[in-house]
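Asks: Kindly generate the corresponding structure for this input.
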Amino acid sequence: MRLDEIAARLDCRLEGPGDLEITGVAGMDEATPSQLTFLANRKYRPKLRTTRAAAVILDLDEPSPGRPALRSDNPYLVFARALELFSPPPKPSTGIHPTAVIAPGAKIGHNASIGPYVVIEEDVELGDDCVLKSFVVIYRGAKIGNRFLAHAHAVVRENVFIGDDVILQNGAVVGGDGFGFAKQADGSYYKIVQAGTVIVENGVEIQSNACIDRATVGETRLHRGVKVDNLVQVGHSCDVGENTLLCGQAGLAGSTKLGRNVVLAGQVGVAGHLTIGDNVIATAQSGIPADVEPGKIVSGYPAIDNAQWLKCSAVFNKLPELYNEVRKSRRTLKKEKP
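Replies: Numbering: from 1, shown residues only. As a prediction, this is how the structure comes out:
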């Protein structure tokens, strides 16, 4: 594909010859002399001198790289769209595999692609253009919108509601029982029926082996555009705001409320029954035991303001030295006592 055609399709400003033929997209280290690369993080700027790429996607104010370029105010987004030009997602053929088990009362929309050993129970409603890969299970009463994509071994439990353009990666479970048990007099635990549901709004993606638990009563809700990474746990009755990112191995205890555009980095743990405001960022492995005000960046355990945590971390590295100084001072004081 010619570089000027790529620029037009991606709405970029072209610098350099438009007739340059591009065969693919790659990172700066891997790119060949016929491929397009990108710079989205300026710490990788020195690689512009060593990459073999034919052309590079750059920010509008980035200095000239000495090679053809595509200019954009969001190079990473352009890179993502460029990948689709050369590696479009495969489109499965429509139809229902003969090994699929579909209840008579299930309603399947137009152009469905249902793979081997899929199970769809009674009273399920599935929208148009949906793709269910092998061994997907949809429990009784689930209602699912258009363009749903469920990869192998994903599970949607009973009476769950899922909107349009939702993706479940392999092994994701939506609507499993919440962790609810009442302690009895003899010390054993009595299972509390998880009678609520899960609502997943439009444009949500839930990645491999993540678990979104149903509410005991009421609902667990993932709002529009939420992205849930691998091995994430969302507890019962949580409410996750629009365009929030839950990164790998993050965990939300029950009844947690997250605002819009929150980012919980890897292995962040959040205690239950608390509120995290809009635009909060929690850095990796933070533990959040209390409410967090909107716009904060927090770190550590218990999570505190990131700037304060950085200062504490710097002091922590000096603790052995400080301890020795204190011991010396105590010895000196003892000697000076009359």
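Asks: When you work out contacts or count neighbours from here on, use the C-alpha atoms and nothing else.
Replies: Will do.
Asks: Can you show me the helices along the stretch 51-200 of the chain?
Replies: 75-86 (DSSP state H, counting those that start in this stretch).
Asks: pLDDT weak spots in it?
Replies: Within the stretch 51-200 of the chain, not a single segment meets pLDDT under 70.
Asks: and if we set it to 90?
Replies: 64-66, 88-92 (pLDDT under 90).
Asks: how's this structure carved up into domains?
Replies: Here the domain assignment for the chain is 3-86, 303-338, based on automatic domain parsing.
Asks: Now do the first one: distance to the chain's middle.
Replies: Same thing as domain 3-86. A distance of 26 Å separates the centroid of the chain from that of domain 3-86, by CA atoms, centre = their mean, to the nearest Å.
Asks: Now for the closest residue to residue 19 other than its chain neighbours: which residues touch it?
Replies: Among residues not flanking residue 19 along the chain, residue 2 sits closest, at 5.4 Å (CA to CA, 6 or more residues apart in numbering). Residues counted as contacts of residue 2 (CA atoms under 8 Å, 6 or more residues apart in numbering) are 18, 19, 20, 21, 22.
Asks: run the last query once more with 6 Å
Replies: 19, 20, 21, 22 (CA atoms under 6 Å, 6 or more residues apart in numbering).
Asks: and it, what are its bridge partners?
Replies: Taking DSSP bridges, one obtains residue 21 as the residues bridged to residue 2.
Asks: on that earlier part again, out of the domains of the chain, indicate the one that is most buried.
Replies: domain 3-86 (a mean of 17; mean count of other CA atoms under 10 Å).
Asks: From residue 88, how far out is residue 36?
Replies: For residue 36, the distance to residue 88 (CA to CA, to the nearest Å) stands at 16 Å.
Asks: can you check residue 182 too?
Replies: 50 Å.
Asks: Using a markdown table, please lay out the contacts of residue 2 together with distance to residue 291 and pLDDT.
Replies: Below are the contacts of residue 2 laid out as a markdown table (distance: CA to CA, whole Å; pLDDT from 0 to 100):
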| residue | distance to residue 291 | pLDDT |
| --- | --- | --- |
| 19 | 56 | 94 |
| 20 | 54 | 95 |
| 21 | 54 | 96 |
| 22 | 50 | 96 |
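Asks: Out of these, which is nearest to residue 271?
Replies: Nearest to residue 271, judged by CA to CA, of the contacts of residue 2 is residue 22 at 49.7 Å.
Asks: Tell me who's in contact with that closest one.
Replies: 1, 2, 34, 35.
Asks: ok, 10 Å please
Replies: 1-6, 32-36, 53-55, 86 (CA atoms under 10 Å, 6 or more residues apart in numbering).
Asks: Please flag which of the residues you listed sit within strands.
Replies: By the criterion of DSSP state E, membership of the contacts of residue 22 in strands covers 35, 36, 55.
Asks: Can you tell me which of the residues you listed is nearest residue 300?
Replies: residue 36 (39.2 Å).
Asks: ok, that closest one to residue 89 distance?
Replies: Relative to residue 89, residue 36 is positioned 19 Å away (CA to CA).
Asks: Would you mind saying which of the domains of the chain lies nearest residue 203?
Replies: domain 3-86 (16.8 Å).
Asks: Can you check the distance spanned by that closest one, start to finish?
Replies: So domain 3-86: terminal residues 13 Å apart, CA to CA.
Asks: again with stretch 103-116
Replies: 15 Å.
Asks: Quick one: distance of that stretch to the chain centre.
Replies: The answer for stretch 103-116 is 28 Å, by CA atoms, centre = their mean.
Asks: Use 750 as the first number for this chain going forward.
Replies: I'll keep to 750 as the first residue from here, and by that count the last item is stretch 852-865.
Asks: can you list the contacts of residue 751 in JSON lines and add distance to residue 977?
Replies: Listed next are those as JSON lines, based on distance: CA to CA, whole Å:
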{"residue": "768", "distance to residue 977": "41"}
{"residue": "769", "distance to residue 977": "39"}
{"residue": "770", "distance to residue 977": "37"}
{"residue": "771", "distance to residue 977": "34"}
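Asks: Residue 1015: which of those is nearest?
Replies: residue 771 (35.8 Å).
Asks: What's the separation between the closest one and residue 824?
Replies: 17 Å.
Asks: average pLDDT for stretch 998-1015?
Replies: Stretch 998-1015 shows an average pLDDT of 98 in the prediction.
Asks: all helices for the stretch 950-1087 of the chain, in order.
Replies: 1055-1065, 1068-1085.
Asks: Looking at the ones you listed, which is nearest to residue 974?
Replies: Comparing the helices of the stretch 950-1087 of the chain by CA to CA, helix 1055-1065 comes nearest, at 26.3 Å.
Asks: avg pLDDT for that closest one?
Replies: pLDDT averaged over helix 1055-1065 gives 92.
Asks: Give me the residues contacting it.
Replies: 1030, 1031, 1032, 1045, 1046, 1047, 1048, 1049, 1050, 1052, 1053, 1071.
Asks: Was I right to think residue 992 contacts residue 975?
Replies: Yes - counting by CA atoms under 10 Å, residue 992 touches residue 975, with 4.5 Å between them.
Asks: More neighbours: which of those two?
Replies: residue 975 (25 against 20; other CA atoms under 10 Å).
Asks: Report the contact partners of the more buried one.
Replies: Counted by CA under 10 Å, 6+ apart, residue 975 has contacts 915, 949-955, 989-995, 1009-1011.
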